[in-house]
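**Q** After the sequence you'll find the predicted model.
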Amino acid sequence: MGGPTGTEPHLRCFPGSGADHCVITALGPSRLGPPNRQKKRFLNRGHGVLRKNRSLCTRLLTNVRCLLSLSVLVSMFLLMRFDTGLLDFTEHEELSVDVVGVAVKPTCVTQEAIKSLNQFFGPRRIIIITTSQTSCNVFRSYAHNVICRVENTVIPGVTVETIDAFLESRYDVKGSSEFVGRNLKGWYLQQFIKLGAAQYLTDLSEHFLVWDMDMILLKGLSVFRKPKSWRGKRFGEFSKQAIVNIGGRSNPGYEYSYKRLTGKDLEYADDGTSFVTHWIVVYKPFMKEFLDTIGRGKLSSSFSHNPNDTGGFNVTNSPAWVWRILDNLDPGFITTGFSEYASYVSWVKQNYPNSQHIMKRQTWLRHPIGGAYTIAMTKRFNGNGLCCPVKSLTGVMKLLGFQYMGFEIGHVRACQYTNAKYRDGYGIGGQ
């Protein structure tokens, strides 16, 4: 029934298989079994190989996807790092600059903002403008280099009361109207203080930083770009450029007032975002020229220089640019009618473009990841049950590569920032 057992070619037939199921074996007897079984084993082996290849391909594709995703994240991180390299805290001669900030009251956020400015920037002084001497006393306790002034004493004739009277007379709008945790008259006053600081705050550095006190620095900050020393070049007539951040929101009210005040269109970054990034570098001579420019011209015909006609305040004894700004708001956007940041940066860009270095990418977020929900959630991690920054959150934002982040508790209703019991402070002391 079987052939020889050597390695010579032989014919081998299987019992009951008939002549049709005889095979020639070239190298000895077949150990594969009948042809049907051979075919099945061969197909199984093929399917096994296919399954293994498919599994291998799936693993490879998964790994490739993971690698690509990781590469994208690493690339984004590195791009942000390289692009923000201009902001790295490396040049100690820049530390003679002052910081000016405006705050309604001391909070756990303003305390963290001051701490971060000293840690990652190291200004000569941090000048806080606030609502009362009581608040000033608290702010001074935050750091040795904090100077404090009460808001109504900074610009002659410009107070929340006079702004309130002007808005009511001009637009029939109450300056005490509140929106997103702030009142209208206070919102405009804090902008005027930032603009007027160059003229009315004594001994202020030639370049100074205006910083919103609900922004928290996460890493080292430098505010100037200088040419490489070995090249010896300049930026036109300027030896250094002020850093200009991008990524802000736009608003029709900002465009309207700027156009009426300057006759030109408001500027935007190349990516379409605005320059409302909650801090700017101010050069005092530029600011003076800007305010002189927008201060020219007459007020609306419904006003005169008689203080009795303007709600009891005298526009002639206060800077004209304040009332010119208020007189040129879009009636449809009174609550967001002007931006000190977008207006100053736009004017400098149009008149002294070589003095600025505009960033290519956004380096910050107005809120931490998760926005208002994340801010509200911090109540659970603070012993006082209030919305205050926590280290784990700032650590994550820093790890993600952001230069700074906002923590605007006044915009989050759950934080109860405007509650009467937090009138003098929020999240500080025994609160």
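**A** Perfect, I can see it now.
**Q** Please make it C-alpha for all contacts and neighbour counts, starting now.
**A** Will do.
**Q** which stretches of the stretch 51-200 of the chain form strands?
**A** Here the stretch 51-200 of the chain has its strands, by DSSP state E, counting those that start in this stretch, at 98-102, 125-130, 146-150, 178-179, 182-183.
**Q** can you list those strands in a markdown table and add distance to His278, mean pLDDT and mean neighbour count?
**A** Listed next are the strands of the stretch 51-200 of the chain as a markdown table, based on distance: least, C-alpha to C-alpha, whole Å; pLDDT from 0 to 100; neighbours: other C-alpha atoms under 10 Å:
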| stretch | distance to His278 | mean pLDDT | mean neighbour count |
| --- | --- | --- | --- |
| strand 98-102 | 10 | 98 | 25 |
| strand 125-130 | 15 | 98 | 24 |
| strand 146-150 | 20 | 97 | 18 |
| strand 178-179 | 18 | 68 | 14 |
| strand 182-183 | 16 | 79 | 16 |
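**Q** For those strands, give me CSV that also has distance to Thr293.
**A** Output for these, formatted as CSV (distance: least, C-alpha to C-alpha, whole Å):
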stretch, distance to Thr293
strand 98-102, 23
strand 125-130, 25
strand 146-150, 27
strand 178-179, 30
strand 182-183, 28
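**Q** which residues does Lys288 contact?
**A** Applying C-alpha atoms under 8 Å, 6 or more residues apart in numbering to Lys288 gives the contacts Ala198, Gln199.
**Q** Please tell me how far it sits from Thr316.
**A** Using C-alpha to C-alpha, to the nearest Å, Lys288 is found at 18 Å from Thr316.
**Q** Next: Phe275.
**A** 32 Å.
**Q** For the two, indicate the residue with more neighbours.
**A** Remark: of Phe275 and Thr316, Phe275 carries more neighbours, 28 against 12, as counted by other C-alpha atoms under 10 Å.
**Q** thinking that one is in contact with Ile243, fair?
**A** No. With contact defined as C-alpha atoms under 8 Å, Phe275 does not count as touching Ile243 (11.3 Å).
**Q** mind exporting the helix or strand hosting Lys288 as CSV, just the C-alpha atoms?
**A** Following DSSP states H and E, one finds Lys288 within helix 284-295. Taking C-alpha atoms only, helix 284-295 is exported to CSV below (Å, rounded to 0.1, in the frame of the first residue of the first chain):
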residue,chain,number,x,y,z
LYS,A,284,5.7,106.9,27.5
PRO,A,285,6.5,109.2,24.6
PHE,A,286,4.3,107.1,22.3
MET,A,287,1.4,107.1,24.8
LYS,A,288,1.6,110.9,25.1
GLU,A,289,1.5,111.3,21.4
PHE,A,290,-1.4,108.9,21.1
LEU,A,291,-3.5,110.6,23.7
ASP,A,292,-2.7,114.1,22.3
THR,A,293,-3.9,112.8,18.9
ILE,A,294,-7.2,111.4,20.1
GLY,A,295,-7.7,114.3,22.4
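**Q** so how far is whichever helix or strand comes after that helix off the chain centroid?
**A** Per DSSP H and E, the first helix or strand lying C-terminal to helix 284-295 is helix 320-327. Centroid separation between helix 320-327 and its chain, computed with C-alpha atoms, centre = their mean, to the nearest Å, is 29 Å.
**Q** and if you look at stretch 175-190?
**A** The answer for stretch 175-190 is 22 Å, by C-alpha atoms, centre = their mean.
**Q** ends of it, how far apart?
**A** Span of stretch 175-190 from end to end, C-alpha to C-alpha: 13 Å.
**Q** got the contact list for stretch 358-370?
**A** 80, 83-84, 215, 243-247, 269-270, 374-375, 393, 397, 401-408.
**Q** Might you list the low-confidence residue ranges for this structure?
**A** 1-95, 179-181, 227-236, 301-315, 430-431 (pLDDT under 70).
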